[in-house]
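Novice: all I have is the shape, not the residue letters:
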């Protein structure tokens, strides 16, 4: 049995839990890893994962994968339906493009905003308020890009939920910790957010 080292408070592990929920994956053991207690930095964890990163998917005694998207790609190959990464070369490329945009323009800036802006995260991060401010501003600008895209498509990269939606939504939802939310004029983004919140996978492991 595979084993997922998870941390429920962190957004990157939530991507994996979301993918597992969309695909109905129930045969992976989930082990909670408390990053506030430093459980991801213990010698045992580092020997297994190589880095102090969560999530980590232990496939067997000799193989552990870290990085959330790498884990999700592996799960896509083992559990191919429903498809989240693309069915043909063009769709794969378009989904990859929007997934990268979601990560670089939205999810990563919002994670940095929380890490440097929420008092609770001071326990694991040397916080720099200017980093939070800069990244919040960058994410705010990026919302226009996604609102325009969602004016022409029901979901970010296709006519169905894909990994691009998972990356974008988990980043946005995490940023509620610092009271970040799209402006009222982003009506297409608001429609998409409600659609994502209504999915059963939205509550997976939350």
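Specialist: Cool, got the structure. Being a predicted model, the structure only gives us computed values, none of them experimental.
Novice: now residue 65: which helix or strand?
Specialist: Per DSSP states H and E, residue 65 falls inside strand 63-66.
Novice: just checking: what are the partner strands of that strand?
Specialist: As defined by DSSP bridges, the strand partners of strand 63-66 come to strand 56-60 (antiparallel).
Novice: buried residues, the partner strand. List them.
Specialist: 56, 57, 58 (16 or more other CB atoms under 10 Å). Every residue, glycine included, has its C-beta placed from N, CA and C.
Novice: looking at these, which is nearest residue 4?
Specialist: residue 57 (5.4 Å; CB to CB).
Novice: show me where the chain has its strands.
Specialist: Using DSSP state E, the strands found in the chain span residues 2-6, 28-32, 56-60, 63-66.
Novice: can you give me the pLDDT of residue 206?
Specialist: Confidence at residue 206, expressed as pLDDT, is 66.
Novice: and the helices in this structure?
Specialist: 11-23, 43-49, 68-78, 89-101, 108-117, 129-150, 163-174, 187-197 (DSSP state H).
Novice: follow-up on the earlier one: list the buried residues in the strand holding residue 65.
Specialist: In strand 63-66, the ones that count as buried by 16+ other CB under 10 Å are 64, 65, 66.
Novice: bridging residues for the second one?
Specialist: Meaning residue 65. residue 57.
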